[in-house]
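Student: Using only what follows, build the 3D model:
(chains A and B)
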Amino acid sequence: MNIEVSRRHFMKLAGAGAAGSAVAAFGFGAAEAQVAAHVKPFRLVGTKEARTICPYCAVSCGMMVFAAPNKDNNGKLEVTHIEGDSDHPVNRGTLCPKGAAAIDYIRSKTRVQYPMYRKPGTNQFERVSWDFAMDRIAKLVKEDRDANWIEKNKDGVTVNRCTTMAFLAGSSLTNEGGWLTYKVARGLGLLQIENQARI
Amino acid sequence: MTNSWTDIGNADVVWIMGGNAAEAHPCGFKWVTEAKHNRGAKLMVVDPRFTRSAAVADHYAPIRPGTDIAFLSGVVNYLLSNDKIHKEYVRHYTNAAYLVKEEYGFSDGLFSGYNEEKRNYDRSSWEYQMGADGYAVRDMTLEDPRCVFQLMKKHFTPYTPEMVSRISGTPQDKFLKVCEWVASTANGERAMTIMYALGWTQHSHGAQNIRTAAMIQLLCGNIGVPGGGVNALRGHSNVQGITDVGTLTAAIPGYLALPIDSEPTLESHLAKRTFKPLQANQTSYWQNYRKFYVSFLKSYFGAKATPENQFGYDWLPKLDVAYDCLRMFETMYQGKTNGLICQGFNPLMAIAHKNKSVAGLSKLKFLVSIDPIETDTARFWENHGEFNDVDPAKIQTEVFMLPVTTFAEEDGSLTNSSRCIMWKERAADPYFESKTDSQILADLFVRIRKLYEKDGGKGVEPLLAIDWSYKDPLEPTPDELLKELNGKALVDLKDAEGKVVRAAGQQLASFGEMRDDGSTDGSMWIYTGVYGPGGNLSQRRDNSDPSGLGVYGNWGFSWPANRRVQYNRASADPEGKPWSERKKYMFWNGQRWSGPDVPDYVPTIPPERATGPFIMNPEGVSRLWVRGMMTDGPFPVHYEPFESPVANPLFPKIKGNPAARVFKGDMEVFGDAKDFPIVATTYRLVEHFHYWTKGVHMNAVMQPEFFVEISEQLAKEKGIKHGGWVKVWSHRGSVKGKAVVTKRIKPVKVDGKTVHYIGCPLNFGFIGEAKKASPINSLTPPVGDANAQTPEYKAFLVDIEPISGPVA
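Tutor: Residues are numbered from 1 along each chain as shown, chains lettered A, B, ... in the order given. Next up is the predicted model:
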């Protein structure tokens, strides 16, 4: 694709040049190099394509996402382009103003980059390590669960529950992530579990 | 959805009400366009605003927010009183013929059994008359005065075109045109689809809105047929799948129930759920509940679940009360909740009565936000002036924001509103330090379990009983998890003759293979088959459509059993023949049920057995009468919203839905029409998705700020200029924004009185790139639907005045 595009551009430019200058006399070699130097490669060159699904509404449109390694970021694969999946029977390649702009969601200015922590009573978030955050959350959950665990109700029925913590599950999560969320939240004995289905 | 997005292309009439697909679901709306273009389908839109869906409709009728039941009941009355129903369908496929107990009654807007103090019903009189043979009594002539059909005729009589117009403000001619178009499909030759969304659910009577729509479709014979159905367009990309997996207070995956305190043993839980058929020869598929429940327990607790310990039933938490979102925030407000984890959820924006939400969040010990972008909730403790006026020093909550991958940085499956499970591939590496939700939750769970193993604590046994035998406990893969949802044989499964039909360790091909003796597992029966012996079918990408009916049977996997149109046995008459050649779909070919879809029926049961097409119901037929299954009545009734500009024209003494729950202290936060004469409704914009895209540059550029949509008449009355600033306030809070004066909204005449209403887009807040605004839920009332507890965001009272704008 890249070669084809630059050659087409080249022929156009070289033709224009040949009419009014001495470029033709030198052959095309040098001109081709010159032209190639300022022709922008086709934007999907060197990208990896993946078929995914739009994160927004429940039409769940098919998307083609293209990503390329970023030299300035240890070769990490970063999304460079998104378009509708023309093979998808529901959206047939179209996207709405939300889906079409989804690349700006991935690189949103308010994207959370690192685990962040706000101490009680303070006025800012500070960057912390994953280990710090997860250890602290695990400790807080255990403390609260131990303090408020109900093994039996007043009639002596085994109820094994904890009503002092709540979990709001996201509805853009995958089914697999959702199932694991269920396992963890219910596994802790929580009853206050909801997702966006009700609102 | 009962049907699918692509099936909308088969409709002859498309009715959009309680939704605005052209703007909220643009790429799904294309199937409406297809139906119009390819088959000359008519589109009608009933909405308080002249939306973009209305702009391309063949007929538009305005309606006052919160009066949908009056309108829909008017349609029911029209169909019944003009005899415009699909009679054979109604007689054979609905419970129209069932006789209701003599004790049942309805007067002054209340059904028999009402308890005013408790605001609820004793529903025992809403049941069928039972015969000596143990089956419900029917009168197939539909003439017995106690039969559902006759009770229905009587119940809906008051909803005349005059009354509909008096309540809803819809001009009679516009209402009647809707009735005529609906009636044009009551014949098996033509089909109508109904498309709805939050415009129907976000009311104190939301579930009854949808139920009334279902009744209309049943009267017309539009359920189970191509181009028919009652189709919930739904919100988030995987709200269907996440609802399926049961992250809801009272749920177990696949619409099974969490135990409650009065069910101390597994048997006591199952004994309430025998689903004994109410007629001879009925499938009553929920009779298999026990198999699905035990398979779930086997999956959840693994080898630790044995017949001796009731498959681990005691380890499940038992529900004392249902903690829906509104109760969750009420509990938090009372200071009874210490920790909250929000995963891709921004409740400060999403829950009613924002000031109450902030007060509740401030009482937490800790809050964790697992979201790719910063949310208003994660920064609830931060002062944003008039938009979030709090003092951080006084808020002692520890807050965490954990970076998580976006949709493009993980793989796994999603289920769209057509119930189709589809796989997506990971496209890019995780952004900065983000991890997937599964990695974060697995890490947290493993850490917590280690703490308990090391230090002990309360409730250790149930916590350690959860099966966690993933190859890498810190990173369960989507492949492992989907297999777990599907289920497998734990021993060799044999048929009656002793032949092995499924070898130990093999994935199950269908939920029909599940057993109740612990020999199968599977976390969610409705997904069984998606990852059977043939592999991961959610990855199928064959977009061929041999029938030309938009079935796409080899694209992904639609639950249940890869069925695309639910109840599709009803597309044929009782003898198994298509109702018409034009609407031919599933039919009896002499040996079995065939057609382009997977039959929603046992494929070999012949028509003469008279097994009903609604196989999940013990009746075998659908329910025009819902017995005691809804909290607020076996039939719908027009109740005004809790905040209403008029007294209920039919039942003036009743305020709101008499069976809706109102928390102590919340009755006082309702405003009345004397102080708040204007009706407000909320909606979303095509450029935004909820409270999410205000943090997305392009969308913030396209729709940068909050505004209030008002009619020219109201603008004139209040001296408001297009583009000028206004303040809108309710009894709970206020918001400010620019006015958009438009012809899209017009005042309506209600019970002889002019009622103004305004529209407020819901997409703005104080975090993100769009201009800061007070959340729209600063205004909304904390009362929910009597059945689903979905908050009443679509009709409440406010006042409005022009103000001078902020100094630039």
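
Student: switch to C-alpha atoms for all contacts and neighbour counts from now on
Tutor: Noted.

Student: pLDDT value on residue 26, please?
Tutor: Looking at chain A here, since you left the chain open. Reading off the confidence values, residue A:26 has pLDDT 54.

Student: actually chain B
Tutor: On pLDDT, residue B:26 comes in at 97.

Student: Secondary structure element holding the nearest residue to it once chain neighbours are set aside?
Tutor: Of all residues not flanking residue B:26 in the chain, residue A:96 sits nearest, at 6.1 Å (CA to CA, 6 or more residues apart in numbering or on different chains). Assessed by DSSP states H and E, residue A:96 sits outside every helix and strand.

Student: I'd say residue A:96 and residue B:27 touch.
Tutor: Yes - contact criterion CA atoms under 8 Å: residue A:96 and residue B:27 qualify, at 6.5 Å.

Student: higher neighbour count, the two?
Tutor: Neighbour count, other CA atoms under 10 Å in any protein chain shown: between residue A:96 and residue B:27, residue B:27 has more, with 23 against 19.

Student: SS state for that one?
Tutor: Here residue B:27 is helix, with the state taken from DSSP: H, G, I helix; E, B strand; the rest coil.

Student: Kindly report the same for the one 5 residues further on.
Tutor: When classified by three-state DSSP, residue B:32 comes out as helix.

Student: can you pull the contacts of residue B:323?
Tutor: The neighbours of residue B:323, taking CA atoms under 8 Å, 6 or more residues apart in numbering or on different chains as the test, are A:191-194, B:249-250.

Student: want to try CSV for the residues you listed, with neighbour count, distance to residue B:645 and pLDDT as columns?
Tutor: Shown next, in CSV, are these (neighbours: other CA atoms under 10 Å in any protein chain shown; distance: CA to CA, whole Å; pLDDT from 0 to 100):
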residue, neighbour count, distance to residue B:645, pLDDT
A:191, 30, 38, 98
A:192, 29, 35, 98
A:193, 27, 35, 98
A:194, 28, 33, 97
B:249, 24, 34, 98
B:250, 23, 35, 97
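
Student: from those, which is closest to residue B:683?
Tutor: residue A:194 (22.2 Å; CA to CA).

Student: what's the neighbour count on the residue nearest to the closest one when sequence neighbours are not counted?
Tutor: Excluding its sequence neighbours, the residue lying closest to residue A:194 (CA to CA, 6+ apart) is residue B:248, at 4.3 Å. Using other CA under 10 Å, residue B:248 is surrounded by 28 other residues.

Student: Residue B:248 and residue A:55: what is the separation?
Tutor: The gap separating residue B:248 from residue A:55 is 21 Å, by CA to CA, to the nearest Å.

Student: pull the longest strand from chain A.
Tutor: strand A:158-168 (DSSP state E).

Student: what about that strand, average pLDDT?
Tutor: 98.

Student: now do stretch B:773-782
Tutor: So the average pLDDT for stretch B:773-782 ends up being 96.

Student: Can I get that stretch as CSV, trimmed to CA atoms?
Tutor: In CSV, the C-alpha atoms belonging to stretch B:773-782 read as follows (Å, rounded to 0.1, in the frame of the first residue of the first chain):
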residue,chain,number,x,y,z
ALA,B,773,-21.6,22.5,35.4
SER,B,774,-23.5,21.3,38.4
PRO,B,775,-24.6,17.7,37.9
ILE,B,776,-28.2,17.4,36.6
ASN,B,777,-28.9,15.0,39.5
SER,B,778,-28.6,18.0,41.8
LEU,B,779,-32.2,18.4,40.8
THR,B,780,-33.7,14.9,40.7
PRO,B,781,-35.8,13.2,43.3
PRO,B,782,-34.5,10.1,45.2
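
Student: With chain A in mind, check whether it reaches it.
Tutor: No - Stretch B:773-782 stays clear of chain A (CA under 8 Å from any CA of the partner chain), getting no nearer than 11.7 Å.

Student: before we move on, what about stretch B:530-537?
Tutor: No - shown here: stretch B:530-537 not in contact with chain A (CA under 8 Å from any CA), separated by at least 12.0 Å.

Student: Kindly report the same for stretch B:253-265.
Tutor: Yes - Stretch B:253-265 comes into contact with chain A (CA under 8 Å from any CA), by way of B:261, B:264.

Student: Buried residues, that stretch. List them.
Tutor: Neighbour counts over stretch B:253-265 (16 or more other CA atoms under 10 Å in any protein chain shown) mark B:253-256, B:258-261, B:263-265 as buried.

Student: pLDDT at residue A:2, what is it?
Tutor: On the pLDDT scale, residue A:2 gets 40.

Student: Low-confidence ranges, chain B, go.
Tutor: B:808 (pLDDT under 70).

Student: so the residue nearest to residue A:194 sits in a strand?
Tutor: No - assessed with three-state DSSP, residue B:248 is coil; it does not lie in a strand.

Student: any idea how far it lies from residue A:179?
Tutor: From residue B:248 to residue A:179 the distance is 12 Å (CA to CA).

Student: same check, this time on residue B:151
Tutor: From residue B:151 to residue A:179 the distance is 44 Å (CA to CA).

Student: The two: which is more packed in?
Tutor: residue A:179 (27 against 18).

Student: what phi and what psi does the backbone show at the more buried one?
Tutor: Main-chain dihedrals, residue A:179, degrees, to the nearest 10: phi -70, psi -40.

Student: Chain neighbours aside, what residue packs nearest to it?
Tutor: residue B:245 (5.8 Å).

Student: burial count for the one you found?
Tutor: For residue B:245, using other CA under 10 Å, the count is 28.

Student: Over to residue B:117?
Tutor: Residue B:117: 6 neighbours (other CA under 10 Å).

Student: doesn't it fall inside a helix?
Tutor: No - Residue B:117 is assigned coil when assessed by three-state DSSP, not a helix.

Student: Now the terminal residues of stretch B:519-535, how far apart.
Tutor: Terminal-residue distance, stretch B:519-535 (CA to CA): 21 Å.
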